[in-house]
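1. No sequence on hand, only this structure:
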Ligand code: TXA
Ligand code: MG
């Protein structure tokens, strides 16, 4: 693989010039950082898969700058999809829609639907407006690891492999977009994410949730094990926590705003939102997981979050991080 002297900066012109040369670069979005390349180029897509070490059966999300642009790449838009586009583009919403033939098959892993979204980040929206093509971008982490929420997270893991990271500051949503497809007119949520189920259902009425595609999955980000730190993570098993405490383990605790009492001095606790705000907790989740992963702990223990708003996406990520 080609080696680069990776630059981190906020210069749209420079990012654009690398992308126009067919290179892949890190880009900020409101959810997590992406690893972006020309979505209409097979070669750029191949580079994304290889930098990320991602299996080719796992399709990429196409990013564009407006709902009107989306129509250039999709051939059918169900009525409720159109409503969601009006409300949440830009936003943390990815729609699965029938693709037009100009979208290369490698982007969709041969599926006839394309995942498409309009990210709500000023730098990236400007970049997309200036480019003559949309951007394919998975999260900018090695396959299976925690998604990056700062430019430095991207740098730590991909330095040398990409020429440029566009630094747009820490991401404000902090978990990946919510993925919604359609069965006829009916919305189906395939990945819980930064747009809450309640917000979607306010617009579409009740939505089916289908987030457990197992082997050779339709939405492989939904593999049971994903988003995983290197240190083992235990999620919502209070008896296991008691045993770990008795064994005097060095435990890293993640919770909303509840501190565990009686931990030894080698433990480390992170309260994701002392005020109990689930949006703030989502924003801080991945950075907290990364920091506990590199603190020399024996194990990470995560306390279950309330199953409302972004708490559902947080629980989903923690559950997958816990599977070994
Ligand atoms: O917030 C996000 O969505 C971030 C930022 C960078 O936009 N991107 C992201 O991409 O999370 P990625 O590649 O890490 O996750 C995309 C998910 C994968 O689980 C993939 O399987 C699914 O979207 N996906 C992509 N295209 C699909 C398609 N045509 N049908 C079904 N699932 C698809
Ligand atoms: Mg990902």
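-> Done, it's in. Only a predicted model underlies this, so the values are computations on that prediction, with no experimental measurement involved. Residues are numbered from 1 along each chain as shown. Ligands and ions are numbered 1, 2, ... in the order given.

2. can we go C-alpha only for contacts and neighbour counts from here?
-> OK.

3. now do the same end-to-end measure for stretch 289-304.
-> With C-alpha to C-alpha, to the nearest Å as the measure, stretch 289-304 spans 14 Å from end to end.

4. mind listing what's buried in it?
-> For stretch 289-304, a neighbour-count test (16 or more other C-alpha atoms under 10 Å) marks 289-290, 292-293, 297-304 as buried.

5. Is it possible to get TSV of those that adds secondary structure?
-> TSV is the format used below for the buried residues of stretch 289-304 (DSSP: H, G, I helix; E, B strand; the rest coil):
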residue	secondary structure
289	helix
290	helix
292	helix
293	helix
297	coil
298	coil
299	strand
300	strand
301	strand
302	strand
303	coil
304	coil
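
6. any idea how far the nearest residue to residue 106 once chain neighbours are set aside is from ligand 1?
-> Nearest residue to residue 106, sequence neighbours excluded (C-alpha to C-alpha, 6 or more residues apart in numbering): residue 42, at 6.7 Å. Residue 42 sits 15 Å away from ligand 1, going by C-alpha to the nearest ligand atom, to the nearest Å.

7. mind showing which ranges of the stretch 151-300 of the chain have poor pLDDT?
-> For the stretch 151-300 of the chain, applying pLDDT under 70 flags the ranges 213-225.

8. is it true that residue 316 touches residue 192?
-> Yes - with contact defined as C-alpha atoms under 8 Å, residue 316 counts as touching residue 192 (7.2 Å).

9. Near ligand 1, which residues of the stretch 1-150 of the chain are found?
-> For the stretch 1-150 of the chain, the residues in contact with ligand 1 (C-alpha under 6 Å from any ligand atom) are 31-34, 58-61, 96, 108, 111, 113-115, 137-139.

10. The residues you listed, buried ones only, as a PyMOL selection?
-> Remark: buried members of these, expressed as a PyMOL selection using 16+ other C-alpha under 10 Å:
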select buried, resi 31+32+33+34+58+59+60+61+96+108+113+114+115+137+138+139
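
11. related to what we said a few turns ago, TSV for the buried residues of stretch 289-304, including distance to residue 234?
-> TSV is the format used below for the buried residues of stretch 289-304 (distance: C-alpha to C-alpha, whole Å):
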residue	distance to residue 234
289	12
290	15
292	13
293	13
297	13
298	11
299	8
300	6
301	5
302	6
303	9
304	10
